[in-house]
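Trainee: fold the following for me, if possible:
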Amino acid sequence: MLTPTVNLLKKERHAFIIKQVNLHNKVLSSDLSQQLNVSEDTVRRDLNELAETGKVLKVHGGALSRSFHFPFRDSETYALDSKKEVARKALGMIKDGMVILTAGGTTMIELARMVPDDLRVTFFTISPLVALELNEHAGAEVILVGGQLSKNSQVNIGSQTVSFLHEIQVDICFLGTNGVSAGKGITDSDWEIVQVKKAMIKSANRSVILSISEKLDSVQPMKVCGLNQVSALVTELDPQDKQLAAYRNASVQLI
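Mentor: Below you'll find the model as predicted:
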């Protein structure tokens, strides 16, 4: 978890909040209160001001990143170049004839956009937005995993989604993450999303985490799985980069 920050000016608090929102897609007022060492009333005022200026999307209990929501605009996507590099590396893992399962998020959107038209692949996805991007490619057969659409994450969740995932077996599952740590594994802040991600991992021969390096060593409240339950971690970094030293000691391939 982040070390609480003490006595920041409002401008500095706003910059901290915007970075956390863009990095993790969603933040809770209660978490920000602890991290900033201020009251939740102060956080709510900050979020209201940021929402009024279009920097974040205010929701009950916290805020969402604007870059995470439809319609996607490249100019609003946080760390776009890094996400494109992660997507490019992930695309290299997909071979003709494979069955692939994807989560949602801006990195998955970039991956979907890069799929060549002559690649013959069946894609299952829990994200309607990823499905629409994949459907633009002639060689892609796209199957949207149904369920209740989450207003926050814009992916399908709930028992119907989990039941569907229990009935399929795919070659590779590509997952994004809100937190990844060599010690704590893959974590998230949304219970429903955690249940779906667990089901996705069980349905795949290989599970691959796509994450920009800024999320490394971050921990969210709810555990999805340990690193030993995923096959590979894809970042924009070279696998020998010193930031990945702790992960090279874990039983996970670095790409």
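Trainee: how about the contacts made by the residue nearest the centre of the chain?
Mentor: Centroid-nearest residue in the chain, with Cα atoms, centre = their mean: Gly176, separated by 3.4 Å. Contacts for Gly176 (Cβ atoms under 8 Å, 6 or more residues apart in numbering) come out as Ala103, Gly104, Gly105, Thr107, Met108, Ile209, Leu210, Ser211. Quick note: C-beta positions are derived from backbone N, CA and C, even for glycine.
Trainee: count of residues packed around the fifth one?
Mentor: Yep, that's Met108 we're talking about. Residue crowding around Met108 was assessed by other Cβ atoms under 10 Å; the count is 27.
Trainee: helix or strand: which one has it?
Mentor: Element membership for Met108 (DSSP states H and E) is helix 106-114.
Trainee: ok, residues contacting that helix?
Mentor: Counting by Cβ under 8 Å, 6+ apart, 67-68, 72, 77-78, 80, 83-84, 86-88, 90-91, 102, 125, 127, 129-130, 133-134, 174, 176, 210-212 sit against helix 106-114.
Trainee: among those residues, which ones are in strands?
Mentor: Cross-referencing the contacts of helix 106-114 against strands under DSSP state E gives Thr102, Thr125, Phe174, Leu210.
Trainee: so which of the residues you listed comes closest to Val27?
Mentor: Using Cβ to Cβ, Leu210 comes nearest to Val27 of the ones in strands among the contacts of helix 106-114, at 20.4 Å.
Trainee: so where is the stretch 1-150 of the chain shaky, pLDDT-wise?
Mentor: Scanning the stretch 1-150 of the chain for pLDDT under 70 picks out 1-7, 67-75.
Trainee: ok, back up a step: now render the contacts of Gly176 as a markdown table, adding distance to Lys223.
Mentor: Below are the contacts of Gly176 laid out as a markdown table (distance: Cβ to Cβ, whole Å):
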| residue | distance to Lys223 |
| --- | --- |
| Ala103 | 16 |
| Gly104 | 20 |
| Gly105 | 19 |
| Thr107 | 21 |
| Met108 | 21 |
| Ile209 | 14 |
| Leu210 | 18 |
| Ser211 | 16 |
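Trainee: if we can go back for a sec, please name the nearest non-neighbouring residue to the residue nearest to the centre of the chain.
Mentor: The shortest distance from Gly176 to any non-neighbouring residue, by Cβ to Cβ, 6 or more residues apart in numbering, is to Gly105 (4.2 Å).
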